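>>> only geometry, no sequence info:
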């Protein structure tokens, strides 16, 4: 479903991604972890072309994202993305947040968009909040709505960029619960996160990155029980035993 | 004080009111036109398309380097030449004000657009919205809202600037006050009254700005 082939990226002289290659199969859940500044977020933003790359190719469902003439808006409408800071539109109600792209991109009529939005709000447990504005909601609620907003586009895959990093601890679970359910339903997911409990529970594979390189890319059980590299061991010992 | 006669104000109120209406109408239209054109200039400047942003930047810098009164003169004489027929003082002044104020409004809108987080744009992009849809539905409404106090402040300045239209013989509030002052020989009374009216309108505007700011801060 998602093929990342040997991509490299620089910001001026600073190399943020270095010859990264990996893939995500249909229905697979892949967690990307690593220390901050390791290039994890940049890597998943390359998947929907939010970050251009200088070398290598990214192919999603047969279409090359990195092609010069790629139709990025069409491609992006098929890949959902959830951000660290939710990025709900603050000037729109929850319902409008969910309807905007449905109407403008998918050309759904109002009634259809609203029906879809309402069913997704019910699914993430936010049905009672449709007329509220983002500022009236907690971080966990906002993030669940952001997930619903992405799902409203009926994406073929979902990207999560540290979806729980900006949340108070007591709200992390409500967001992870939605993500776990999504994974169980067979959604193809690429998740940048430090939530190792989540990784252990639902990830098929774990990618460990450091300094812009993919250091490990292995089945979840193998990664946690027997990490190969010292850097991954070090990272896990810090993150699991604090 | 015995020499002052404030009755002159009362008796010339209809005449003064006509002048004030012109000032307010010109201000209103120039604000709308200036914001629309200014927003387009700001978008052009931030478009990342080099020729477009260069043209917009040159325009803004050029206009901001000349006095308003000169721009008013330009258009008073240039517009009839360009169109081949006179358009009247009001429309030439309006065009001058719109084109002049657009340069200032574009700088305000540019700051407003830049105040919207990149994440908002990325959220729009990630759902497949195109550039114009993102500007229209996501960025500009937020930019506009963030900048409302400054836009209103600029409107107050614009209202004061409309007093310059006397140079193209438009009878705005200031001009009307001057006419009454001179014909009735009541300079002190009339100019005091004119100052009071300007103060009342502009001060209400400032209060509105303060109110908006405190409401936005919460």
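Thanks, I have it. Since the model is a prediction, treat every value here as computed from it, not as a measurement.
>>> Can you name the residues bridging to residue A:8?
With DSSP bridges as the criterion, residue A:8 is bridged to residue A:55.
>>> quick one: contacts for it?
By Cβ atoms under 8 Å, 6 or more residues apart in numbering or on different chains, the residues touching residue A:8 are A:15, A:17, A:18, A:19, A:20, A:53, A:54, A:55, A:56. In this view, the C-beta of every residue, glycine as well, is placed from N, C-alpha and C.
>>> The helix or strand hosting the second one pairs with which strands, and in what direction?
This points to residue A:17. Per DSSP states H and E: residue A:17 is located in strand A:14-24. Sheet pairing for strand A:14-24, assigned by DSSP bridges, gives strand A:2-11 (antiparallel).
>>> what mean pLDDT does the strand it pairs with have?
Across strand A:2-11, pLDDT averages out at 92.
>>> Now that strand: buried residues?
Going by neighbour count (16 or more other Cβ atoms under 10 Å in any protein chain shown), the buried part of strand A:2-11 is A:2, A:3, A:4, A:5, A:7, A:9.
>>> Kindly indicate which of those lies nearest chain B.
residue A:2 (14.7 Å; Cβ to the nearest Cβ).
>>> The spatially closest residue to that closest one that is not a sequence neighbour: what's it in contact with?
Nearest residue to residue A:2, sequence neighbours excluded (Cβ to Cβ, 6 or more residues apart in numbering or on different chains): residue A:24, at 4.1 Å. With contacts defined as Cβ under 8 Å, 6+ apart, the neighbours of residue A:24 are A:1, A:2, A:30, A:157, A:188, A:189, A:190.
>>> one step back: could the contacts of residue A:8 go into CSV alongside distance to residue B:73, pLDDT and neighbour count?
Below are the contacts of residue A:8 laid out as CSV (distance: Cβ to Cβ, whole Å; pLDDT from 0 to 100; neighbours: other Cβ atoms under 10 Å in any protein chain shown):
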residue, distance to residue B:73, pLDDT, neighbour count
A:15, 57, 90, 16
A:17, 58, 92, 26
A:18, 62, 91, 17
A:19, 64, 92, 14
A:20, 62, 92, 24
A:53, 54, 92, 22
A:54, 53, 92, 11
A:55, 58, 92, 14
A:56, 60, 92, 17
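>>> wait, which of those is closest to chain B?
Lowest distance from chain B to the contacts of residue A:8 (Cβ to the nearest Cβ) belongs to residue A:53, with 16.0 Å.
>>> how far away is that closest one from residue A:212?
Going from residue A:53 to residue A:212 by Cβ to Cβ, to the nearest Å gives 12 Å.
>>> again, but for residue A:23
Per Cβ to Cβ, residue A:23 is found 18 Å from residue A:212.
>>> same check, this time on residue A:6
13 Å.
>>> got any residues that touch both of the two?
Taking Cβ under 8 Å, 6+ apart as the criterion, residue A:6 and residue A:212 both touch residue A:20.
>>> before we move on, back to that, just send the contacts of residue A:24 back as JSON lines, with secondary structure and distance to residue B:42 too.
JSON lines is the format used below for these (DSSP: H, G, I helix; E, B strand; the rest coil; distance: Cβ to Cβ, whole Å):
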{"residue": "A:1", "secondary structure": "coil", "distance to residue B:42": "40"}
{"residue": "A:2", "secondary structure": "strand", "distance to residue B:42": "37"}
{"residue": "A:30", "secondary structure": "strand", "distance to residue B:42": "41"}
{"residue": "A:157", "secondary structure": "strand", "distance to residue B:42": "36"}
{"residue": "A:188", "secondary structure": "strand", "distance to residue B:42": "39"}
{"residue": "A:189", "secondary structure": "strand", "distance to residue B:42": "38"}
{"residue": "A:190", "secondary structure": "strand", "distance to residue B:42": "36"}
